[in-house]
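Novice: Got a sequence here, can you model it:
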Amino acid sequence: MLALILLLLAMTGLLVVMRQEAGALPAIGVLCVTGLVALLLGAEVLGSLLLIGAMLVAAAGLPALRLKWLSPRLFAAFKKVAPRVSGTERIALEAGTVSWDGELFTGRPDWQALLAMTDEGLTREEQDFIDHQCNVAAGMCNAWEIAQERADLPQELWDYLKAERFFGMIIPGEYGGLGFSAKAQSMVLQKLSISETLMVTVGVPNSLGPGELLLKYGTQAQKDYYLPRLADGREIPCFGLTGPRAGSDATAIPDTGVVCRQRINGEEVPGLRLDFEKRWITLAPIATVIGVAFRVFDPEHLLGDESDRGITLALIPRDTEGVEIGRRHYPIGCPFMNGPIKGKDVFVPLDTLIGGPEMVGQGWRMLVECLSIGRCITLPSGAAGTARYALGWSGGFARIRRQFNVPVAEMEGIQEPLARMAALCYIARAAVYQTANTIDRGEKPAVPSAILKSQLTEFQRQALGDAMDIHGGKAVTLGPSNYLGIGYSANPVAITVEGANIMTRNLMIFGQGAIRCHPCVLEELAAKETDDLAAFDSAVFGHVGLILGNAARALTQGLGIGKPDVPFDAIAAPYARDISRLSAAFGLCGDAALASLGASLKQREMISARLADVLSNLYLASMVLKQWQEGDRVDGEAVLLDYSCRFLLQRAEQALDEFLDNLPHRALGRGLRIIVMPVGRRWKRPHDDLARDIAQAVSRDTALRHTLLEATWQDNKGARDNPLARYNALLITQERAEALYRIVNKAYAKGKLPMEALHPEQKVEAALEKGLITEEDATFMRERETEVLELLSVDDFPYDAFVTDKTGF
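Specialist: Purely as a prediction, here's the structure:
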């Protein structure tokens, strides 16, 4: 018994040392003290084993000792198995910055560091623009008109976008732009996402493209000429990167630029002769200036000794000889301007290179540095906005649509998807806003941008599917009054572009994060590249300490021992603590995957994807908690926070469970399960009671519904009809209507009204005649039923309206 007690004391002491990552000396101290006590108390075997353990820890853990025998051997082995990082991979890894994503990789996230990234809100100018100009622009859109009748935005909307400098949100005021913050850009795009075509048209010029590239890398002459013209719409930009043979693998572009000289007006001008073929280029059909990426070759060494100079970017006027542009692709569901660009024997002077000749070969670095910001805003904001509109429409529809004498919002089959939609909106709202806030504070979130792009566009897919289910026949019948169907059909565009979700989830999030965000891996690889044994020793044994620390934290926190301190209130604190627990589990499992699979992890995409899912859900849950901490809370929000955090943590735990089930080394997987899930899984799907409460709140005129519908167009003063404003107006008077429905339906059920009064309007008139309701009530219900019927109705057309070849009619 004495030996068992001493052994437990030794193990407890080691767990404490490991949790704190205190290093070898405290561990040696624990082993020595317990070993000597064991010897003094007569437990010779245990005491001897503990002292032997102390010597082994000293030999392997003290730098002065291990550098003489262990570290050189480990370094030699590491050089043989460590994955080779290519030049393009290194550029991608070094692009951007590491912030909260890095904290989650440590297994001991510093919540104070997250909360220290305070939000200063929007400026008055930004808020006024969102409240006025965005409403005007949104009010010029009708999905059917844009998609089926015009295949474009109305000309008056194009003119308005240019006049109000929508294309210059990222361009500073000194160049005639709006100079908006990342948060303001996100809120603008959310409001404009009432139309996918409008959102894309405004979002792309303010994302990865000539404007951002010129701001960061352009020469002063290029900035002075182009930026004012881009800001006010005199120039419409596009950027050509992808092509028939280079999509997700953008570094494989076969387009070339050969350095040469050409005689122009009697002078020999140095430049490049370009050959390129690009596809899927947004705004290409109407662009006046074309950004293009290509690989530069210098066979005559006019620029230097190297022949292959690498990927380079240029800015070319539309009317340049040899450029073929103007044809269109037809993006599914939303006909935003998108098309191919070709160039054959296109000569461009060196001053067309973005940044000038000294930026030759720097194109890939320029692109990935800009992508970390642009991808974080445009599509995630569009997805968040689309989900908000879908929720607003669906909540309103479900409340006014009555079946079996009750609103369908009272049916649990409708309440389940309504609550899910509300949670997806709540999560997306927090994620885009808080991540944009980090950009405004100087971060370039490379890994979070991949998380937001892939996760939120998948949320959009789910929310739109749920909205279609709730609307039923209203949504599957296209026409001018269908505000949902065309956007639903356009969703695959967001899933596919700017890094297809399959690639982003399987390759980028964990694949890039495991090196870029990990506290040790990048240092280990750098030590290998420089053949620096001392640096490797420091990095690798720091890594060992991290692994042991995460194992101790995951095990003890999984057992409910040593809960971390978190700076949240009683409602949010349990979720923050479990994010910390799962962060430790994620860090340990990530290291286990790297160690056991090595370079082959690149091919084990399903393993990488599950780790990406864990990281993604922990990141999103963290953003939700930060938004809760900083936001103005409203009635019912605590329930939605509960639902959302349970939803995300259950998904994180599910991904971790599947990772452990599928890790190729089964013994390792079983051992890890004992450590990271010592008492099994902790989280289940949100309870039905939460779903009922949330569905009630979002289908009525409540503070929670108002909060979730921020940054949507809600007035009805535009040139086009606004169904959301009409639903909101009906919900304001819903309680009065419900009371009258009960009176009328009860009277009908008791036979007090004529049996043939089957329509609601007939029942109202019969109830008025019987004196059951007043004239004022009847007038209110007549007007309401007229509005309800109009919102529930669908369009119809002449028999041959959709026939393009009418020779047989």
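Novice: Span of stretch 796-807 from start to end?
Specialist: Distance across stretch 796-807, first residue to last, is 22 Å (Cα to Cα, to the nearest Å).
Novice: quick one: average confidence on that stretch?
Specialist: Across stretch 796-807, pLDDT averages out at 84.
Novice: Confirm residue 348 sits in a helix?
Specialist: No - counting by DSSP: H, G, I helix; E, B strand; the rest coil, residue 348 is not part of a helix but strand.
Novice: Distance check, it against residue 275.
Specialist: 12 Å (Cβ to Cβ, to the nearest Å). For the C-beta atoms, the positions are set from N, CA and C on the backbone; glycine is no exception.
Novice: Tell me which of those two has more neighbours.
Specialist: Ranked by neighbour count (other Cβ atoms under 10 Å), residue 348 and residue 275 place residue 348 first, with 23 against 16.
Novice: Report pLDDT for the more buried one.
Specialist: Residue 348 carries a pLDDT value of 95.
Novice: Specify the beta-bridge partners of it.
Specialist: Beta-bridge partners recorded for residue 348 (DSSP bridges): residue 272.
Novice: In contact with it, which residues are there?
Specialist: By Cβ atoms under 8 Å, 6 or more residues apart in numbering, residue 348 lies in contact with 257, 271-272, 274, 314, 316, 320.
Novice: Narrow these to those in strands?
Specialist: 257, 271-272, 274, 314, 316 (DSSP state E).
Novice: Am I right that residue 634 falls within a strand?
Specialist: No - applying three-state DSSP, one finds residue 634 to be coil, outside a strand.
Novice: What's the local residue count around it?
Specialist: Neighbours of residue 634 under the rule other Cβ under 10 Å: 16.
Novice: Compute the number of surrounding residues for the residue nearest to it when sequence neighbours are not counted.
Specialist: Closest residue in space to residue 634, ignoring its immediate chain neighbours: residue 703 at 3.8 Å, by Cβ to Cβ, 6 or more residues apart in numbering. Look at residue 703: counted by other Cβ under 10 Å, it has 14 neighbours.
Novice: surely residue 703 meets residue 635?
Specialist: Yes - if you go by Cβ atoms under 8 Å, residue 703 and residue 635 touch, sitting 5.2 Å apart.
Novice: And residue 90, what's its pLDDT?
Specialist: What the model reports as pLDDT for residue 90 is 69.
Novice: And the lowest mean pLDDT element among the helices and strands of the protein?
Specialist: Ranking every helix and strand in the chain by mean pLDDT, DSSP states H and E puts helix 87-94 at the bottom, with a mean of 68.
Novice: After that helix, which helix or strand is next?
Specialist: Following helix 87-94 in sequence order, the next helix or strand is helix 100-106 (DSSP states H and E).
Novice: Check which helices and strands that next one sits against.
Specialist: When contacts are defined as 3 or more Cβ pairs under 8 Å, 6 or more residues apart in numbering; DSSP states H and E, helix 100-106 packs onto helix 111-115, helix 446-471, helix 509-516, helix 573-597, helix 605-630.
Novice: tell me which residues in stretch 304-315 are buried?
Specialist: Within stretch 304-315, the residues that count as buried by 16 or more other Cβ atoms under 10 Å are 309-315.
Novice: Measure how far that stretch is from the centre of its chain, please.
Specialist: Averaging C-alpha positions (Cα atoms, centre = their mean, to the nearest Å) puts stretch 304-315 33 Å from its chain's average.
Novice: what pLDDT, on average, does it get?
Specialist: When pLDDT is averaged along stretch 304-315, the result is 90.
Novice: could I get that stretch in PDB with only the CA atoms?
Specialist: These are the backbone C-alpha positions of stretch 304-315, laid out as PDB (Å, rounded to 0.1, in the frame of the first residue of the first chain):
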ATOM      1  CA  GLY A 304      19.900  38.500 -64.900                       C
ATOM      2  CA  ASP A 305      21.600  35.200 -64.800                       C
ATOM      3  CA  GLU A 306      18.600  33.000 -64.200                       C
ATOM      4  CA  SER A 307      16.500  31.700 -67.000                       C
ATOM      5  CA  ASP A 308      13.400  30.600 -65.000                       C
ATOM      6  CA  ARG A 309      12.400  33.700 -63.000                       C
ATOM      7  CA  GLY A 310       9.200  32.300 -61.600                       C
ATOM      8  CA  ILE A 311       5.600  33.500 -61.300                       C
ATOM      9  CA  THR A 312       5.100  37.200 -62.000                       C
ATOM     10  CA  LEU A 313       2.100  39.500 -62.200                       C
ATOM     11  CA  ALA A 314       1.300  42.200 -64.700                       C
ATOM     12  CA  LEU A 315      -1.500  44.700 -65.300                       C
END
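Novice: Let's have the helices and strands packed on helix 100-106 in JSON lines, adding mean pLDDT and distance to residue 148.
Specialist: Formatted as JSON lines, those follow (pLDDT from 0 to 100; distance: least, Cβ to Cβ, whole Å):
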{"stretch": "helix 111-115", "mean pLDDT": "96", "distance to residue 148": "46"}
{"stretch": "helix 446-471", "mean pLDDT": "96", "distance to residue 148": "18"}
{"stretch": "helix 509-516", "mean pLDDT": "85", "distance to residue 148": "37"}
{"stretch": "helix 573-597", "mean pLDDT": "95", "distance to residue 148": "45"}
{"stretch": "helix 605-630", "mean pLDDT": "97", "distance to residue 148": "36"}
